[in-house]
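1. got a structure for you, letters missing:
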Ligand SMILES: Cc1ncc(C[n+]2csc(CCOP(=O)(O)OP(=O)(O)O)c2C)c(N)n1
């Protein structure tokens, strides 16, 4: 039988399908999501939860004239399927294919490309973000027509946390509200069709009357200037369509509280909501409905969490803070071991940092585990509340470098630039698992703020020492001596720097390799010792070039009056698309071949002229 889904090339086609056939479309979309994401990976649970809601939105509204802003937009796959991207859906999160989030350049139907939470009001977890309340605060003054859909599935990636999660549960379970909800439903049922739309407008007063009777669990939204309606079943298509049609003709900002089930229609996902929020390729078999087991080597995140357990065992002042990412940062391994030292503050990075600074003033040693990309949110708290106060806060920056399939919203390619300029802050970059453990241990003993950057996924597989050791801050590690070239491989790029050295040596040029370890303070003494006599200095970083590690080296050499040429390898001044890290690095010249090609002319010139770089300058 032909699929209804195959007849949909634009939202106009959704409107042609009779309401009674839409559940079939919903089933086809679920099947498509489950089968495609089995291969590509992606945000399965969130999308399975919003199938009916997204169909109903497109049945009622007209994008791009009407704008849909999804928060975080990881649940916009269904929207992509209904807005002319069905035939490319199997390329999602693949190099050159569809992005896993909304992307303004991908379609006119994507009004905003949000990958960070709190950008719009939508998921229940967005209500843990400060900026959500900042937006709410302005709605009554500035917004005329706005429909906020609160997609309440009780989950962030982990279980949602804090007072607002409890508040939403209270609304859903309040028996008084149940009555109100039924009266509202009847009202909406009556006001469908063309005449109904006119009546609906007139009914505003009646709605408001209903909303203001007796105890109103929806008070918080109403006080902020949003009429509250709900909670309604987010999987009941006819009722969703009627309700959205009603909302469309309501002339004031409105909040529609919709209850959905994450991972709906996929039992393994329902049983493991955290895991199926976002999965990697080949995690499950869509035909058999079972998990495909793959032995997983230890990730940097796991090493971080295991080391945190050791540090908290050693020192009673150690606390760990996450912003709704216990799974991603692996702190869910720490939580059961030290429940009283574990804090999940919700998707509230600014607060996480401020909270850490407060704890530090009371003698605690907070480790804030926040991805490099999400720490951008907390820049002022880092400057004003941690570094200016010179407090003992540790930033464990996971996903420093490429974030692969997630793309530009999630790559951690800016943190060296945005942190290097802040006084008092130390910035370390781990090149293997054991070094990460040592850096965390060193941070425990360091006075003042310190940021430790480590990559997504697995390290090179270096075994951990039974007990971590102190690393001298501001001291680089000389991995290999050499005289004509010096390759500085920061963090994840240290193995590549070693390869570059091997290639250059094979061509007859003696090359030193340095593991810089500390971006700030930079070990200018060691670097300049090698740079002074060399023909070329090579800096390699998984970071943008402007303001990055290579820039720090250039600044230091210039301050010392050294003019040895510097070849800087890193990302250009651009947002980097999604793709596999190896392929992206290659594309942007972060490869052994490209580096050797750039460095060779300096070495060959010196050989042919017989003059060293220092002599040429003189
Ligand atoms: C600023 C920021 N911090 C953390 C994240 C990581 N993150 C992605 S989705 C998500 C949970 C979203 O929950 P919700 O909005 O309720 O949507 P659901 O997936 O439950 O549908 C989190 C914490 C993020 N995207 N942005």
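-> Received the coordinates, thanks. These numbers come from a predicted model, not from an experiment. Numbers count the residues shown, from 1 in each chain.
2. contacts, neighbours, all on C-alpha from now
-> Fine.
3. can you list the residues of the protein near the ligand?
-> Within the chain, the positions near the ligand by CA under 6 Å from any ligand atom are 46, 72, 115-117, 123-126, 153, 155-157, 324-325, 347, 374.
4. Am I right that residue 368 falls within a strand?
-> Yes. Applying DSSP: H, G, I helix; E, B strand; the rest coil, one finds residue 368 inside a strand.
5. pretty sure residue 140 is touching residue 222, no?
-> No. Between residue 140 and residue 222 there is no contact under CA atoms under 8 Å: 9.8 Å.
6. Quick check, the residue in the stretch 451-600 of the chain closest to the ligand?
-> Going by CA to the nearest ligand atom, the ligand is nearest to residue 456 of the stretch 451-600 of the chain, at 14.1 Å.
7. In three-state terms, label that residue for me.
-> Residue 456 is classified as coil under three-state DSSP.
8. Which of the three states applies to the residue lying closest to it once chain neighbours are set aside?
-> Nearest residue to residue 456 in three dimensions, chain neighbours excluded: residue 399, at 4.3 Å (CA to CA, 6 or more residues apart in numbering). Classification of residue 399 using three-state DSSP returns coil.
9. wait, isn't residue 399 in contact with residue 412?
-> Yes. Using CA under 8 Å, residue 399 is in contact with residue 412, at 5.9 Å.
10. So between these two, which is more surrounded?
-> Each of residue 399 and residue 412 has its neighbours counted (other CA atoms under 10 Å); residue 412 has more, 29 against 26.
11. one step back: from residue 12, how far out is the residue of the stretch 451-600 of the chain closest to the ligand?
-> Applying CA to CA, to the nearest Å, the value for residue 456 to residue 12 is 41 Å.
12. Which one of those two is surrounded by more residues?
-> Ranked by neighbour count (other CA under 10 Å), residue 456 and residue 12 place residue 456 first, with 22 against 16.
13. check contacts around the more buried one.
-> Going by CA atoms under 8 Å, 6 or more residues apart in numbering, residue 456 touches 299, 300, 301, 398, 399, 400, 401, 402, 403.
14. Weed out the non-buried ones from the residues you listed.
-> 299, 300, 301, 398, 399, 400, 401, 402, 403 (16 or more other CA atoms under 10 Å).
15. burial count for the closest residue in space to the first one that isn't next to it in sequence?
-> When you say that, I think you mean residue 299. Leaving out its chain neighbours, the residue that sits closest to residue 299 by CA to CA, 6+ apart is residue 458, at 4.2 Å. Around residue 458 there are 16 other residues, counting by other CA under 10 Å.
16. surely residue 458 meets residue 296?
-> No. Applying CA under 8 Å as the test, residue 458 and residue 296 come out as separate, 9.1 Å apart.
17. Need the residues touching each of those two.
-> Common neighbours of residue 458 and residue 296, counting by CA under 8 Å, 6+ apart, are absent.
18. follow-up on the earlier one: quick one: the residue nearest to residue 299 and residue 245, what's the gap?
-> 49 Å.
19. and the closest residue to the ligand within the stretch 401-550 of the chain, what is it in contact with?
-> Relative to the ligand, the nearest point of the stretch 401-550 of the chain is residue 410 (8.1 Å; CA to the nearest ligand atom). By CA under 8 Å, 6+ apart, the residues touching residue 410 are 115, 373, 374, 402, 403.
20. what's the neighbour count on the residue nearest to the fourth one when sequence neighbours are not counted?
-> Spatially, and ignoring its direct neighbours in sequence, residue 402 is nearest to residue 411 (4.7 Å; CA to CA, 6+ apart). A count of nearby residues for residue 411, using other CA under 10 Å, gives 26.
21. Packing partners of the longest strand along the chain?
-> Using DSSP state E, we find that the single longest strand of the chain is strand 536-544. Counting contacts by 3 or more CA pairs under 8 Å, 6 or more residues apart in numbering; DSSP states H and E, strand 536-544 is packed against strand 485-489, helix 549-559, strand 566-571, helix 592-609.
22. Report the angle between the last one and strand 485-489.
-> Right, the one you point to is helix 592-609. Interaxial angle of helix 592-609 relative to strand 485-489 (axes from the mean of the first three to the mean of the last three CA atoms, to 10 degrees): 160 degrees.
23. Quick check: mean pLDDT of helix 592-609?
-> Averaged across helix 592-609, pLDDT comes to 93.
24. Which residue does the stretch 351-500 of the chain have closest to the ligand?
-> For the stretch 351-500 of the chain, CA to the nearest ligand atom, closest residue to the ligand: residue 374, 5.0 Å.
25. Now do the SS call for that residue.
-> helix.
26. which ones are touching it?
-> Contacts of residue 374 by CA under 8 Å, 6+ apart are 116, 349, 410.
27. just to revisit the earlier point, make CSV from the contacts of residue 456 and add pLDDT to it.
-> Formatted as CSV, the contacts of residue 456 follow (pLDDT from 0 to 100):
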residue, pLDDT
299, 96
300, 98
301, 98
398, 98
399, 98
400, 98
401, 98
402, 97
403, 95
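28. which one of those sits closest to residue 55?
-> Proximity of these to residue 55 (CA to CA) peaks at residue 403, which lies at 30.4 Å.
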